[in-house]
Each structure stands twice: as structure tokens, then as C-alpha cells.
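Colleague: predicted model and sequence below, questions to follow.
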Amino acid sequence: MLGHRRVYIVPSRLGLYFGGTLAILLVGSINYALSLGFALTFLLAGMGIAAMVQTTRNLARLSVRAGRSEPVFAGDAARFRLGLANAGDFDRPEILVRHLGSGAQLTVDVAAAASAEALLAVPAPRRGWLPLGRVMLETRFPVGLFRAWSTVEPDSRCLVYPRPETSALPPLAPSARAGGARAHAQGSDDFSGLRAYQPADSPRHVAWKSVARSDTQHARSDDMLTKQFAGDALAELWLDLGDLPASLGLEQRLSRLAGWVLAAERAGVLYGLRLPGTGIEPGRGEAHRAACLEALALYQAT
Amino acid sequence: MNEAQAVLPGQRPLAWREFALLLAGLLIVAAPHALRAPWWLVLLTLVLYCWRGAALWNPSLLPSRWTLIVIVALGTAGIGLEYRAIFGRTPGVILLLLFSGLKLLESRHQRDAAAVVFLTWFLAITNFLYTQSIPTAIGMCAAVATSIAALVSCAAPRRAPRANLRTAWLLLGQAVPAALVLFLLFPRVQGPLWGLPQDAAAGMTGLSDTMTPGSLSQLSLSDAIAFRADFKGEMPGRRSLYWRGPVLWEFDGRTWRLGYPGLAELVAPTTGTRIEYAVLLEPHNRNWLFALERAASLPERARYLDDGQIISLTPVRARLRYEIASAIEAEPNPAETHRALERARRLPPGFNPRARALAEGWRAASADDAEVLARAIEHFRRERLQYTTEPPLLGRDSVDEFLYDTRQGFCEHFSSAFVFLLRAAGVPARVVTGYLGGELNPVDGTFTVRQSDAHAWSEVFIGGRGWIRVDPTALSAPGRVDLGLARAVAAGDALPLLMRPELEWLRSLRYNWEAMTHQWNLLVLGYNPERQRELLSMLGIKDAAWLELASTLVAVMGVFILGLFAWMLRRAVRPDPVQKSWNQFCRKLGAKGVARSPHEGPRDYSERAARRLPAADEPIRRIAALYIALRYGRGQTPAEVVELRRMVRELSVG
């Protein structure tokens, strides 16, 4: 949480025009010896001073709290939540929150003695931790003559999973837990995994559900997966970085693993993950999926 | 990414609420100008305003750039034709009026509104070129308030309108002290900085440098104030209230004109009663300053002319206050140059044969100038010429017609005829114009002289004595001097409304209003470089130079801004009473050796404390439970907050 920060203030472009207008009014008042002209000019100048103070106040002592951000896949936008807490008994309208790194911005109003949430969508191009970085709060309230700003660097980061690559699941691997039972020859009794659709596959075996989940309107044949069936329901799927050809490059292999994790989760099989130096025992469910993806996101080649 | 593509405030389209505020401001500042503008331009501007209003509902009505350019061209050409100028004062203001309509029509987004607001301010200040009265000031303040509300509304369009209005009021309220300081301390420079447009003084009324039959009677129908005087001590009697102005020497048969007086040293009269007074002169765009006859001192930046006129170095274009002394009923100065006396006898040949014959008869029958004068005075007394504000029109021989045919005239007819007769008899004489009398305001004791008090009288040079004042009007209509214009003219003659005797209640209302206006003129409108110097020397800053003034101003403004900051931020962080009580609770337990470690939540901490301090375990648990409920629970009632504070205060841990 960030509390008292330095607030900077400069006249906006409109403020410069305002200054020019005042100068003309003043010269006119002097030239025509208009007492009320002076009074009007000075009243407006006083308004400018009051506006400067009020613009500064709109940001002063506004505290910024970084909230949780849900993990996203590389290529999507990370959504950072920022809580703007106003402890004052006045409202703070029109606060522009701008992410300096990406230029993402939005305007929020913070009511008196209340908090408001700003949801910043920051592009996440690469896997790993994405720190939020510097965020600028800016306001021109109440009259737009001044621009006050302040920068904060909330301690907030978002986990970015590798971009999932859609490809056929590897065949089921022998399971340690299954007590040495081997995968049967492929049949059509028990579901054992998914592979990429081939034109000869029976439409009955297409994983229509996963087609429906994919966001594209027109399911193309290379998006489609064909269910593979095996005789053993307890079969486990090991997703191993080492199984993928090194020629693909680390990032692409991690992407493929991430795609497999998603596919395996959708297919409902038990799956485990093996990375050099670490491994996750086979399992299933949201938490397991998240653990696997996190391991992939944070994997560092030694 | 939708949330991130928020529209910035200035780029939102203008909504009806901002439009209404902008329009209200414009209407207020444009209304007084509408009376001065040609009717077609007022109509055009109103059409432009309404056009923009209609476009709120149907944005396709917004005009194209070309349409606007055509309107600008036509409007400017129309103004050029109407006034034969674009750069004079009034054409300029009218042009600004037209542009206000165009700019409003052109405004599509909220950021454009600022330009309309700036135009509103320009139009507001141009109103002061014509009048700086209290009602105008109030009107323009209202316009400024409305325009600031429009700016706020554009800066925070999603906010409740009521809250925006409050912000606008707060801005204005905070602007007032700053404006006051700036008004008093901002280094004033005496204008003008450059030449004023030719028509800068249009609409200022007052005496002219010429006098033709009918010129003063026109002026006398005006209720406008010429100047006010504040007497220090006793006021002179009514018969002495001759306020001397331009002295007219040259006569061409119809028109009297100024002479060619030179600068002279003012020699204060040693005789007469000396009185001192201050005059607050309304601008009349001429150089004359008015003083009771005869002046005994000169104001600053003024000069004395050898025919007794007092002139200011620059035309009086702003209300001018000066202090002056006069000697009432002083003996005239017997010295005069030969050339001036020659000039004071000159008449154009071939005018007014009957008057000439009359004057030559006086000359032949008199031993000296004094006797001629006595005959002339006697003639005017006897003839009983009628005094009227509605004199009949006169032909070529104006003096003859007045004396013998119409026998009705206003003071300019009387003085013109009198001086003509004396000159025709070879006696040096001249016409003096100015004001006679005035009116005492019983509310504040100021003496008000109006244009309707304008008067013309004569001065005659008698060898050995000097220039002697003779008021031929008073000879025929003595009431003019003693009773004032209203009682002196025949019933049924046109009179300024407020001079009519039957409207007594209206007059008392006017006395109060004028007393207020006088203070306004003195304190607000009359605040000029000299008054600023006086104020500063009262504050202990003697002979303040420009730099000193500026640094004083900067210091005062700095203190003001800091004070404003402190005041505005005083409640930026409101101490949370619940948190305060909890902190006190933690301090109390901490004093007993059970300090809260940073990672400890209230539940764990109170549990640990309750176990360590069994004597007070029950209140500790209750306080913690209440704190948790208030802090993280369902919200709080004031009674509960008070209860927590009481419990913490009464907690005794042995």
C-alpha cells in the first residue's frame, strides 16, 4: 500500500490558454482603466489559484493498494486490480489511472471515505512473472486548467502461463501408480487421451466439447481433436519436457506442454508433469492444473 | 481491453447540461450588448445559439466547416457595412458577440466548451466599457459563476450536477480573497497603454467645447451625474454654487467656441471664504475639471489656464477624484492682457442688427463700461424673458429673435444674448459654461451635480475691477439660481423624471441608492494608482516602488496559497475512530509487556493477551470481538464506535 506521495502539478494546455486570456483581460483593463475589469481578471486569477489547490487535493493522500491478479496466458492481457482508497471526506472524481509501460488507462471516481477499484489490462507477452511496474495517477479536476500527477509502483505482479499450443496429446504412458499396468492397445472403450483430428477419424470420436470451447466460430479441422480410447481407466498421462524434440526450442516446448495440460484437464485424465529437476505427480482438477501451469510459467532452464 | 479504452473527459460530446450552463453565461453577458447591436446581428446570434441547442437532440444538424465560414464572412461584412469599421470599440464588441454564437455552434466536444467560456469572459469585460454600475457587476459575477460551473461540469460529466455546482461555488468562494488581495496590491499602472479607438468615449455626456442655441437645453434633460462633491466643513450657499467649466470666447453668429488661453500660474485669491472639497468627476472624455469659482488650489496633474479654466493633462476617461479648494465671493483679478480684451470685444459683422442698435444706444448714453453693464442688467430685469427647457428654434439672427420675437430661452440663449449685447457696446465679455447648483444627498451628505444642472453665464471685464460674473438667466428668472431648474421652468415643460417634485418617495429611494453608488464609485471604481499609494502608506509602506509592491503581493499570495492548501487538506485523511481505539488498546497491553507483533491479527493477539493477562481476559476478548466486528464485519453504528472507545478507556490491566 502506498500512502503519501509526491504530487506534481503543471498547467495543462487549457491552463496556458487561460493564462493568455487573463493577460489580455489585464492589459485591456489597464488600457481602458476599468476597475471592474481588474476585479473580473483577479477573480478569475483567484479561481485559477483555487483550481490549482483543488486539483492537487484530488490526488493528495490518495492511497493505492495493489490487489490480486489472476494468472493469464501469454498473449492475453493481465488484469491488475488497483484499489484507490480515499480517506478524506470529499470525493475525488475523474482520476485517470495510466499504466506507463503499456499506456493502458482508465478513469475512476473515488467517493468520499470510500475505495474504488481500477482494473488495468496490461498486455502479457511472455511467460513468467509480469510486474505491474509504474502506474501514473493523473487528474485535471475540477476545471481542467491544471494537470496533477503522481506515480506509484505497487508491489503487484501477475503470473503469466506459456501460450498454450494446441497439438495432439502424447499417448498414455505407463503409470507407476497403476501398479505396472500397461496401456492397452488403443481401442474404443475407455477414453485415454486426445490427438489431433485426422480426416479419416470417425465423427463419433471427435471431442466436440473441446471444439465448442474453443472460441472460434468456424471449427477448422486442425483445431479439432479426436478422442483416443484405451481399455484402462486408471491410465496416467505423463507430460515430459524431455519427450519433446529439443529442436523445437524451450519456449515452444513449454507452450506445447501448456496446451497438453489444458487438453488433459479437459479430457479428464490424470496427468503429471516432468520438467528437468522437478516434477508434479499425476492428478486432476483446477488446483493441479494451476500448479502445472505455474511450474511451466516459472521454469528456468539450468 | 475494454476497460482501458476509457474516453478522456474532454473528448466526450457536449451534453445538454453543459450546454445549458454555457448558454446561460453567454445570455447574461450578451444581453446588455444586444441593446447596442444592430437588430439583425442580435437575431443571427440568437439563431446560432438555438441552432446549437437543436443539435443536442439531432447531431446531424451540426454545421459543416464551410457553413461556418460563410456565416463568419457574411456577419463580418454586415458589421463592416453597419459601422464602416471593424476595429472600433462597438464594432469589435459586436463582432465578439457574433463569434460567441459561432463558437458555441462549433463546439462538439467538452474541451471546446473552454473556448466558449473564455469568450464569455471577454464579453463580460467589454460590458464594463459601457457601464461599471453595481447591477452590471452583479450580472457579470453571475455570468462568471455560470461559466465556471460549465467548466466543472465538462471536467467531471459523470458527477452529480449538484456536486459540480458545489465545487464551482467553492472555487469562486476561494477566489474572492485572492482577488481582493490582487485588486488591492497588484501594481497599478495608469492607462492607456496605447491609443484608444476613436469611439472609446462614445456615450459619455457632458459639456461640449461649443455652445449653440439648444445644446445645453438638450443636456439639461439628462439625469446623468456629472460629478459629486464632498465638502469639508461648511457648504457655501446656493447662490455661490457656480461650477466653472469651459470658457467660450469666439462667436461666429451662431456658435460659441473656446478661445486660445495660455497656461498660467494659479494665484490663490486672498479675499473670500476658503472652502475645501473633493470632487469625484464622471468621465466625460474632455480635459476640464470643475471647481467652484474661484479656484484657490490645483489638483495633481492639472493645469490652470489664464481664463480661469482648470484642465487635466489627459482627457478624463475614467472616474477621477481630485481635491481642490475655492475662495467663494473672492474679488476678481484686475489684470488682463490687451490681446485678451480685444478678443473679448470681437463680433462677426452682419448679425443681429436690432441687438446691435440697442447696444450702440447704451454705449452712446453711458460714460463708461460699468454704466453700459448696468443698463444691460436693467434691460434683462425689465424685459422678463421666459426661461424654458423647450426653447423655440431660432434662425440666423439668433440673438435678435430671442430678444424680440420668441422671448423664450434657456441659459445658453440668455448668456449668448447678454455677451453679444455687451460686445456690441464695446465692453469685453465672454460666455462661461459649467454647472449651477446641485443636490445634497441627505443620506451620506454628498453633493450631486447632474447634467441637468448644466448652465451658462457671462463674465464682463470692467476696468479696475476685473472679470465680473453676471448671470443673465438669474436676472430674468431668479428662481433658476435659488430654487433650481425644476421650479424655475414653466409647468408642463419637459423635466428629467427624477426632478419632478411630486415623486418624493422615489427621490428618497434614489438618495439611498446614490449614496451606495457613491461609495461604490469611490472605493471600487475609483481605486487607482494614487489610491493604492495612499492605502500602502496607511499600511506602513511609504513610497512603494513597483518592485516592493510586487514582492509584497507575491508574499501575501504565497501565504494565501499555503493556507488554502492546509485548509483544503485538513480532512484529506480522516482519523478512523475505530482504529484509534484499537491502537490505544494495543498501547495499553504493550505497556504490560504484551506488545502486538506485526504479523499478528487481532484474534490471535487478543487470545494471547487474554491468556497472559488473566485478570482482564474477559474485557480483552470483548474488545477484540467488537473491534473485529466493526473493522471487518457488517459495518458500524456510531453507538458501537462509542462503546468501543469506552471499553478501551475503562480497560484496566492491573
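Modeller: Yep, it's here. Numbering: from 1, shown residues only, chains lettered A, B, ... in the order given.
Colleague: so where's the stretch 201-302 of chain A shaky on pLDDT?
Modeller: The stretch 201-302 of chain A contains residues with pLDDT under 70 at A:201-235, A:302.
Colleague: got it, and chain B?
Modeller: The model of chain B has pLDDT under 70 over residues B:1-10, B:191-205, B:480-503, B:543-544, B:572-575, B:633-636, B:654.
Colleague: residue contacts, the spatially most central residue of it?
Modeller: By C-alpha atoms, centre = their mean, the mean C-alpha position of chain B lies nearest to B:Q132, the distance being 2.7 Å. Residues near B:Q132 by C-beta atoms under 8 Å, 6 or more residues apart in numbering or on different chains: A:L34, A:S35, A:L36, B:L525. Just so you know, the C-beta spots here come from the backbone N, C-alpha and C atoms, and that holds for glycine as well.
Colleague: how about those, which pair is most distant?
Modeller: Across these, no pair lies farther apart than A:L34 and B:L525, at 8.9 Å, counting by C-beta to C-beta.
Colleague: list residues touching both of those two?
Modeller: Overlap of the contact sets of A:L34 and B:L525 (by C-beta under 8 Å, 6+ apart) consists of B:Q132, B:A318.
Colleague: show me where the stretch 501-650 of chain B has its helices.
Modeller: B:504-519, B:529-538, B:546-569, B:577-591, B:602-612, B:617-632, B:638-650 (DSSP state H, counting those that start in this stretch).
Colleague: contacting residues around stretch B:396-413?
Modeller: Here stretch B:396-413 makes contact (C-beta under 8 Å, 6+ apart) with B:211-217, B:220, B:253-254, B:351-355, B:358, B:383, B:385-389, B:391-392, B:394-395, B:416-417, B:420-421, B:455-457, B:473, B:480.
Colleague: in PyMOL, select just the buried ones from the residues you listed.
Modeller: The following PyMOL line selects those of the contacts of stretch B:396-413 that are buried, judged by 16 or more other C-beta atoms under 10 Å in any protein chain shown:
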select buried, chain B and resi 211+212+213+214+215+216+217+220+254+351+352+355+358+385+387+388+389+391+394+416+417+420+421+455+456+457+473+480
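Colleague: filter the contacts of stretch B:396-413 down to the ones near chain A?
Modeller: Among the contacts of stretch B:396-413, no residue sits close to chain A (C-beta under 8 Å from any C-beta of the partner chain).
Colleague: so which of the contacts of stretch B:396-413 are in strands?
Modeller: B:M211, B:Q386, B:Y387, B:H455, B:A456, B:W457 (DSSP state E).
Colleague: so the fourth one touches B:T473, yeah?
Modeller: Yes - in this structure, B:H455 sits in contact with B:T473. The criterion is C-beta atoms under 8 Å, and the distance is 7.3 Å.
Colleague: between the helices of the stretch 501-650 of chain B, which one is closest to chain A.
Modeller: The closest of the helices of the stretch 501-650 of chain B to chain A is helix B:546-569. By C-beta to the nearest C-beta, the value is 4.9 Å.
Colleague: does the helix or strand harbouring B:A115 reach chain A?
Modeller: Element membership of B:A115 [criterion: DSSP states H and E] is helix B:113-130. Yes - contact of helix B:113-130 with chain A (C-beta under 8 Å from any C-beta) involves B:A114, B:F118, B:W121, B:F122, B:A124, B:I125, B:F128, B:L129.
Colleague: tally of neighbours for the closest residue to B:V594 other than its chain neighbours?
Modeller: With sequence-adjacent residues excluded and distances taken as C-beta to C-beta, 6 or more residues apart in numbering or on different chains, B:V594 is closest to B:A609, at 4.6 Å. Neighbours of B:A609 under the rule other C-beta atoms under 10 Å in any protein chain shown: 27.
Colleague: from B:K580, how far off is B:A609?
Modeller: According to C-beta to C-beta, to the nearest Å, B:A609 stands 19 Å off from B:K580.
Colleague: and for B:E360?
Modeller: According to C-beta to C-beta, B:E360 and B:K580 sit 108 Å apart.
Colleague: who's in contact with the closest residue to A:P125 other than its chain neighbours?
Modeller: Residue nearest to A:P125 in three dimensions, not counting chain neighbours: A:A74, with 6.2 Å by C-beta to C-beta, 6+ apart. Counting by C-beta under 8 Å, 6+ apart, A:A74 touches A:A124, A:P125, A:R126, A:R127, A:V160, A:Y161, A:P162, A:R163.
Colleague: on the three-state scheme, whatever residue of the stretch 151-300 of chain A ends up closest to chain B is what?
Modeller: Nearest residue of the stretch 151-300 of chain A to chain B (C-beta to the nearest C-beta) works out as A:C158 at 14.7 Å. At A:C158 the chain is in strand, as set by DSSP: H, G, I helix; E, B strand; the rest coil.
Colleague: does it touch A:G133 like I think?
Modeller: No - contact criterion C-beta under 8 Å: A:C158 and A:G133 do not qualify, at 11.0 Å.
Colleague: just want to know which of the two has more residues nearby.
Modeller: Counting neighbours by other C-beta under 10 Å for A:C158 and for A:G133 shows that A:C158 has the greater number, 20 against 15.
Colleague: who does the more buried one form a beta bridge with?
Modeller: Beta bridges link A:C158 to A:L130, judged by DSSP bridges.
Colleague: give me every residue that touches it.
Modeller: A:S69, A:E70, A:P71, A:V72, A:A78, A:R79, A:F80, A:V122, A:A124, A:W129, A:L130, A:L132.
Colleague: check B:G558 too.
Modeller: B:G558 makes no contacts at all, as judged by C-beta under 8 Å, 6+ apart.
Colleague: so B:V29, which state does it fall into?
Modeller: Each residue gets one of three states, and B:V29 gets helix by three-state DSSP.
Colleague: and what of A:R274?
Modeller: A:R274 - assigned by three-state DSSP - is strand.
Colleague: the residue nearest to it when sequence neighbours are not counted: neighbouring residues, count only.
Modeller: Excluding the flanking residues, the one nearest A:R274 by C-beta to C-beta, 6+ apart is A:D240, at 4.1 Å. Using other C-beta under 10 Å, A:D240 is surrounded by 17 other residues.
Colleague: B:L68 too?
Modeller: Per other C-beta under 10 Å, the neighbour tally for B:L68 reads 16.
Colleague: what do you get for B:A113?
Modeller: Residues near B:A113, counting by other C-beta under 10 Å: 26.
Colleague: let me see the contact set for it.
Modeller: Here B:A113 is in contact with B:L14, B:E18, B:L22, B:S107, B:A150, B:L151, B:C154 (C-beta under 8 Å, 6+ apart).
Colleague: report the separation between the residue of the stretch 151-300 of chain A closest to chain B and B:A429.
Modeller: Note on A:C158: its distance to B:A429, by C-beta to C-beta, is 103 Å.
Colleague: in chain A, which residue is closest to the centre?
Modeller: Nearest to the mean C-alpha position of chain A, by C-alpha atoms, centre = their mean, lies A:A78 at 0.6 Å.
Colleague: and residue 162, how many neighbours?
Modeller: Here I'm looking at chain A. So A:P162, with other C-beta under 10 Å, has 26 neighbours.
Colleague: that's the other chain; I wanted chain B
Modeller: 8.
Colleague: pull the most distant pair out of the contacts of A:A74.
Modeller: Spatial extent of these (C-beta to C-beta) is set by the pair A:P125 and A:Y161 at 12.5 Å.
Colleague: between those two, who's got more neighbours?
Modeller: A:Y161 (28 against 10).
Colleague: and the gap between the nearest residue to B:L266 once chain neighbours are set aside and B:A229?
Modeller: Closest residue to B:L266 apart from its sequence neighbours, by C-beta to C-beta, 6+ apart: B:Y304 at 4.1 Å. Here the distance between B:Y304 and B:A229 works out to 19 Å (C-beta to C-beta).
Colleague: kind regards, and thank you for your time.
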